[in-house]
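> Structure for this input, please:
(one chain, ligands or ions: 1)
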Amino acid sequence: MSIMISPKLRLIREHNRIYRYILKWLWRIQGKDAPRAYMFHNVVDTPEQVYSQFAITKESFERFIRYELQRGQKPMDAETLKKAVDTPDVYKNHFVVTFDDIYDSVYTNAYPVLKANKVPFIIFVTPSLIDAVDPSSKHSMITPEHLKEMAGDPLCIIGAHGMEHKSFRNYSEEEARRSMKESKRWLEGKLGKRVEFFAFPFGRRVEVSRTNIKTLSRCDYSCGFSALDGSLKQKWFSTCWFLPRILVDEKFVNERCKENGV
Ligand SMILES: [Zn+2]
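Numbers count the residues shown, from 1 in each chain. Alright, predicted model coming up:
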């Protein structure tokens, strides 16, 4: 039996592929010293627990952070990040660490490393995932206590990731706007910190429409992130409402560190 794919979906997928390709190409020619956002999800205990590109061991996480600092890369806080988005050429060799969805492992495995090295980080929290269990990995999502504790640390920047972890393309414009605004308000109320950054769930053009990106620009955020590879220097192409991020997985860390003999 053949599966029918609608022409519209086919077009969106193709658009995503080309968009991705251009971002990667721009990244390559614009130099790797451009400011960038690194993206993580689950920071697991052992190599056996690495089930996909969205999981990395705590050893690799620590190795990567140390490697970045050792080679003179400068971590950014919220204010520096906003300036780097506006004037990327002034912020060469700067990076920001981001996490999506928020597994409890961010608190147990990544947070101690970030704290020890004084590295600021953004957690893009989805309220409906708090205290839940990820059905595929069976790993726990962040507990309300751990979230509160991290939020109390000046290193921790709170970002929104929608009220629920759904593809925004499937929402009506009104539903999308509501999720963007409500997640910001909800997190600010619960955690007592300003929420200025947003990351789209899934974060590819397949799940995020042009209208979604435009809607985000009217929801009182400073900027928004996608999940597509590239640097922050590519704002003129991606707009500051769908900024690229670099997915850091085991392969990325191994290649990077080996290249530089770490
Ligand atoms: Zn997500």
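
> ok, and the closest non-adjacent residue to the residue of the stretch 1-150 of the chain at minimum distance from the ion?
Taking Cβ to the ion, the ion has its nearest neighbour within the stretch 1-150 of the chain at residue 100, 3.9 Å off. Bear in mind the C-beta positions are built from the backbone N, C-alpha and C, glycine included. Spatially, and ignoring its direct neighbours in sequence, residue 100 is nearest to residue 124 (4.8 Å; Cβ to Cβ, 6 or more residues apart in numbering).

> and the one you found, which of the three is it?
strand (DSSP: H, G, I helix; E, B strand; the rest coil).

> The longest strand seen in the chain pairs with which strands?
Looking across the chain with DSSP state E, the single longest strand is strand 94-101. Next to strand 94-101 in the sheet, as set by DSSP bridges, lie strand 36-40 (parallel), strand 74-75 (parallel), strand 121-125 (parallel).

> most packed of these?
Among the strands paired with strand 94-101, the stretch with the highest mean neighbour count (mean count of other Cβ atoms under 10 Å) is strand 121-125, at a mean of 26.

> Let me know the average pLDDT across it.
Regarding strand 121-125, the rounded mean pLDDT is 98.

> what's the answer for stretch 206-216, then?
Mean per-residue pLDDT for stretch 206-216: 95.

> Need phi/psi at residue 183.
The phi and psi torsions at residue 183 (degrees, to the nearest 10) take the values phi -60, psi -40.

> contact partners of stretch 75-86?
The contact list for stretch 75-86, computed with Cβ atoms under 8 Å, 6 or more residues apart in numbering, reads 35, 37, 68-69, 90-91, 94-97, 118-120, 122, 155, 157, 196-197, 222-223, 232, 235, 240, 243.

> what's the spacing between that stretch and its chain's center?
Mean-position distance between stretch 75-86 and its chain equals 15 Å (Cα atoms, centre = their mean, to the nearest Å).

> Likewise for stretch 184-196?
Worked out by Cα atoms, centre = their mean, stretch 184-196 lies 18 Å from the chain centre.

> Contacts for stretch 132-144 next, please.
42, 44, 49, 51, 55, 101-107, 125, 129-131.

> Inside strands: which ones of those?
Per DSSP E, these map to strands at 42, 44, 55, 101, 125.

> Which residues are in contact with the first one?
It stands for residue 42. Here residue 42 is in contact with 54, 55, 56, 103, 105, 106, 134, 137, 139 (criterion: Cβ under 8 Å, 6+ apart).

> What of the last one?
The contact partners of residue 125, taken as Cβ under 8 Å, 6+ apart, are 102, 142, 147, 158, 159, 160, 161, 183, 187.

> Run through the residues that contact the closest residue to it other than its chain neighbours.
Leaving out its chain neighbours, the residue that sits closest to residue 125 by Cβ to Cβ, 6+ apart is residue 102, at 5.1 Å. Residue 102 makes contact with 123, 124, 125, 126, 129, 130, 141, 142, 147 under the criterion Cβ under 8 Å, 6+ apart.

> one step back: weed out the non-buried ones from the contacts of stretch 75-86.
Buried by 16 or more other Cβ atoms under 10 Å: 35, 37, 68, 91, 94-97, 119-120, 122, 155, 157, 196-197, 222-223, 232, 235, 240, 243, out of the contacts of stretch 75-86.

> Have a look at this structure and report its longest helix.
helix 7-29 (DSSP state H).

> helices or strands next to that one in the packing?
helix 235-238 (3 or more Cβ pairs under 8 Å, 6 or more residues apart in numbering; DSSP states H and E).

> For this structure, which residues are neighbours of the ion?
Residues of the chain found near the ion, taking Cβ under 5 Å from the ion as the criterion, are 100, 101, 201.

> Wait, the first one touches residue 41, no?
If I follow you right, that is residue 100. Yes. Counting by Cβ atoms under 8 Å, residue 41 is a contact partner of residue 100 at 5.5 Å.

> sorry, back to before: take the contacts of stretch 75-86 and keep only those in strands.
When strands are assigned by DSSP E, the members of the contacts of stretch 75-86 inside them are 37, 94, 95, 96, 97, 122, 157, 197, 223.
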